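Undergrad: The sequence and its predicted three-dimensional model are supplied below.
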Amino acid sequence: MASLLDPQARGRVILVGAGPGDPGLLTLRAVDALRQADVVVHDGLIDPRVLDHAPATAQRISVAKTRARHTLPQEAINALIVAHVKAGSVVVRLKGGDPFVFGRGGEEVEAVRASGLPVEVVPGVSAALGCAADAMLPLTHRDWSSAVSFVAGQCKPVLSDAAGGVEGGLSDQDWSGLAGQGRTLVIYMGVANARAIADKLMMDGVAPDMPVAVLERGTLPGSRALRTLLADLGDMVERDQVKSPAIIVVGEVVLLSDATNRLAAFAAQAEALA
């Protein structure tokens, strides 16, 4: 079967991973797909330089999402994609990171297939891998970590407050055994719930002095790699005014991401927190 990237083929969808932010991390296959696009349906955090790979005549449609506010619900995005394909367009669905890592790519593939339309997926560098590389933080290491897990740190809203905001607890996810000695836990979409995440992990038995890193805007200008201990995670996020996009890394590998000797500093923090 010929690849769906055949420029002669019309009426199809290509899900493309745009990587964690830096346009230089696009794959060659992603660039090829963008050059063929009639319509680009893209996430809100896509760098404009990535969109520049699409033809000037291509229609660009943002379906940006922010916490608790979506421009379009997922069902409407699916319907939008299908409608353009049925009109004969080559639709590139451009997603940050990798489409199949917390990107709802699987849902969109299902929707396109259910409509009897062709779809192809072009993987991208996931946020965890790109941000960790930018911070020189190995997610696995023969001496420190032989396992790595990825989880989503979003909350379910359970109570509206007087100001119209939403308070909530962590979704009913079982993280037991995912963090601790010899393991690395990477948490996506967890900045807003950093304090609850730290509490959850400590209740599950993770030591309060476990090293933690918050990787903000990884691979992008102004990126920061902030390090602390698990018990201080919520305070640090507030203290340093951390904003999304950011990921949280929990594990001893965090110690390897700094060229200076952080062990003494972490030990001092642990003593202060005791």
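TA: Right, received. Where do you want to start? Not measured: the values here are computed from a predicted model.
Undergrad: what does the average pLDDT come to for the one helix or strand F150 maps to?
TA: Per DSSP states H and E: F150 is located in strand 145-152. Confidence for strand 145-152, expressed as mean pLDDT, is 96.
Undergrad: likewise stretch 38-48?
TA: 94.
Undergrad: What distance separates the opening and closing residues of that stretch?
TA: 17 Å (CA to CA, to the nearest Å).
Undergrad: before we move on, the earlier item: now the strand holding F150: how far from the chain's centre is it?
TA: How far strand 145-152 lies from its chain's middle: 14 Å, per CA atoms, centre = their mean, to the nearest Å.
Undergrad: for this structure, which spans come out with low pLDDT?
TA: Scanning the chain for pLDDT under 70 picks out 1-10, 66-71, 155-171, 258-274.
Undergrad: So what touches the lengthiest helix in the chain?
TA: Secondary structure of the chain per DSSP state H: the longest helix is helix 74-86. Residues from elsewhere that reach helix 74-86 (CB atoms under 8 Å, 6 or more residues apart in numbering): 11-13, 38-39, 41, 61, 63, 72, 91, 93, 104, 107-108, 111-112, 115, 117. For the C-beta atoms, the positions are set from N, CA and C on the backbone; glycine is no exception.
Undergrad: mind listing what's buried in that helix?
TA: 77-78, 80-82, 84-85 (16 or more other CB atoms under 10 Å).
Undergrad: immediately after it, which helix or strand?
TA: Next element after helix 74-86 (DSSP H and E): strand 90-95.
Undergrad: what angle separates that next one from helix 74-86?
TA: Between strand 90-95 and helix 74-86, the angle comes out at 150 degrees (axes from the mean of the first three to the mean of the last three CA atoms, to 10 degrees).
Undergrad: which residues are in contact with whichever helix or strand comes after strand 90-95?
TA: Along the chain past strand 90-95, the next helix or strand (assigned with DSSP H and E) turns out to be helix 105-114. Applying CB under 8 Å, 6+ apart, the contact partners of helix 105-114 are 13, 15, 74, 77-79, 81-82, 85, 93, 95, 98-100, 118-119, 121.
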